[in-house]
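Engineer: Okay, sequence plus prediction incoming.
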Amino acid sequence: MQQSKRIKQITSDTSLITPYYPPKWFLPMIKPCRYKGMYGGRAGGKSWAVAEYVVRKLIKYPDLRVVCIREIQKSLKFSAKLLIETIIDRIGASHLFTTTISEIRRVDGKGFILFQGM
């Protein structure tokens with residue numbers, strides 16, 4: 001019984017995660033809205049900003065469900081999934097998530113990120 005309490009405490013501890021400072025152009029995306037989308041040229045940082053925002057939302061809300069849809073997604077190996085896994089490791093939150101072939105799940109909640117191509 002004490003072992004499970006300790007595991008719960010370790011997995012839900014978010015104090016070790018690095019702080020988040022989104023770019024100024026990303027601030028309108030933080031406002032509540034059912035659907036969000038972005039467009040623009042290459043190398044603008046859109047994928048990185050959205051991926052980090054989604055990961056941090058899942059850390060704060062363990063039951064959040066997210067679907068990541070890309071128009072062209074030939075392989076999950078080179079997709080947004082790899083980017084999100086990289087961000088999870090980079091901010092020190094790998095203890096809060098498990099990864100399967102097509103999704104990333106929250107350990108102590110019902111939340112997940114599902115990846116699909118159109």
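Structural biologist: Done, it's in. Residues are numbered from 1 along each chain as shown.

Engineer: Where is the longest helix in this structure?
Structural biologist: helix 46-60 (DSSP state H).

Engineer: Now do it: distance to the chain's middle.
Structural biologist: 5 Å (Cα atoms, centre = their mean, to the nearest Å).

Engineer: Now do stretch 28-40: distance from first to last residue.
Structural biologist: Across stretch 28-40, the terminal residues are separated by 15 Å (Cα to Cα, to the nearest Å).

Engineer: contacts for that stretch?
Structural biologist: By Cβ atoms under 8 Å, 6 or more residues apart in numbering, the residues outside stretch 28-40 that reach it are 22, 46, 49-50, 53. Yep, even glycine has a C-beta here, placed from its N, CA and C like the rest.

Engineer: Buried ones in it, by neighbour count?
Structural biologist: residue 29 (16 or more other Cβ atoms under 10 Å).

Engineer: And the strands in the protein?
Structural biologist: 65-70, 97-99, 103-106, 112-117 (DSSP state E).

Engineer: which helices and strands does the shortest one pack with?
Structural biologist: Spelled out, it's strand 97-99. strand 103-106 (3 or more Cβ pairs under 8 Å, 6 or more residues apart in numbering; DSSP states H and E).

Engineer: which strands and helices sit next to the strand it packs on?
Structural biologist: helix 80-90, strand 97-99, strand 112-117.

Engineer: and with 7 Å instead?
Structural biologist: When contacts are defined as 3 or more Cβ pairs under 7 Å, 6 or more residues apart in numbering; DSSP states H and E, strand 103-106 sits against strand 97-99, strand 112-117.

Engineer: so what strands line up beside the first one?
Structural biologist: This points to strand 97-99. strand 103-106 (antiparallel) (DSSP bridges).

Engineer: Could you pull up the contacting residues of the closest residue to residue 106 other than its chain neighbours?
Structural biologist: Spatially, and ignoring its direct neighbours in sequence, residue 106 is nearest to residue 62 (4.8 Å; Cβ to Cβ, 6 or more residues apart in numbering). Residue 62 makes contact with 106, 108-109, 111 under the criterion Cβ atoms under 7 Å, 6 or more residues apart in numbering.
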